[in-house]
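*Asks:* here is a sequence with its predicted model. Questions after.
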Amino acid sequence: MLRRMEFDLLGAHADRAYALLAGLVMPRPIAWVTTLNENGGVNAAPFSFFNVFGSNPPLVIFAPGNREDGAPKDSARNAKRTGEFVVNLVSEELKEVMNGTAATLPAESSETEHLGLETTPSSVVAPPRIAAAPAALECRVHSIQEIGSNRLVLGIVHRVHVQDGILDLEKLRVRQELYHPVGRMGSPNWYCHSADLFEMERPQ
């Protein structure tokens, strides 16, 4: 019988909760979120506590943790104030610049300006999309839930933009063999490629 260790994440091992959960629940998709600062600058930041949670209505959730001093991060503050955000997906070609936007900049600074990252206007929300992203989801905030120091931003997806070439135009399905976003693995610095795919038919 395999030996297993047990951890009490609400008690003795609470300080290891992030490391253990982030190291076990993976790979995780990355939401490269763009929002607008109060001064109109574009904030861009990656979050791997993210996923799509339904299609009727189309629902995404990302969870920006608080800063070390307990203050909300810029993405959370902006999404709450404006009610809008864009989730940009991260291709292998964009992994380095995505990682660059994780750096802590002064409040109201623009990561896109700081890194020379080109943006393009969205269709129905004010925050722009990242021009080079293979796909982007324009979202309006449905609600924000705060549970302890967790902040869950629930967004309804109003528009989806998909780069030419990775979509089957007849079936309107993403061509998985051509779409390879990077994924987040264990903390602090692990990521993965997603080109090693296999198929399993769902049983009837």
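*Replies:* It's in.
*Asks:* what's near enough to touch the nearest residue to residue 121 once chain neighbours are set aside?
*Replies:* Leaving aside its chain neighbours, residue 121 sits nearest to residue 128 (5.5 Å; criterion: Cβ to Cβ, 6 or more residues apart in numbering). Where you see a C-beta, it was placed from the backbone N, CA and C, and this is true even at glycine. Residues in contact with residue 128 (Cβ atoms under 8 Å, 6 or more residues apart in numbering) are 34, 42, 86, 119-122.
*Asks:* list phi and psi for the spatially most central residue of the chain.
*Replies:* Taking Cα atoms, centre = their mean, the centroid of the chain lies closest to residue 31, which sits 1.3 Å from it. Backbone torsions of residue 31, given as degrees, to the nearest 10, read phi -90, psi 110.
*Asks:* list the contacts of it.
*Replies:* Applying Cβ under 8 Å, 6+ apart to residue 31 gives the contacts 46-48, 50, 60, 62, 87-88.
*Asks:* quick check, nearest of these to residue 5?
*Replies:* Nearest to residue 5 out of the contacts of residue 31 is residue 48 (Cβ to Cβ; 24.4 Å).
*Asks:* mind checking how far the closest residue to the closest one other than its chain neighbours is from residue 194?
*Replies:* Excluding the flanking residues, the one nearest residue 48 by Cβ to Cβ, 6+ apart is residue 184, at 3.5 Å. Residue 184 is 11 Å from residue 194, where distance means Cβ to Cβ, to the nearest Å.
*Asks:* show me what residue 143 bridges to in the sheet.
*Replies:* Bridge pairing for residue 143 (DSSP bridges) gives the partners residue 154.
*Asks:* which one's more surrounded, residue 184 and residue 194?
*Replies:* When neighbours are counted by other Cβ atoms under 10 Å, residue 184 comes out ahead of the other of residue 184 and residue 194, with 20 against 15.
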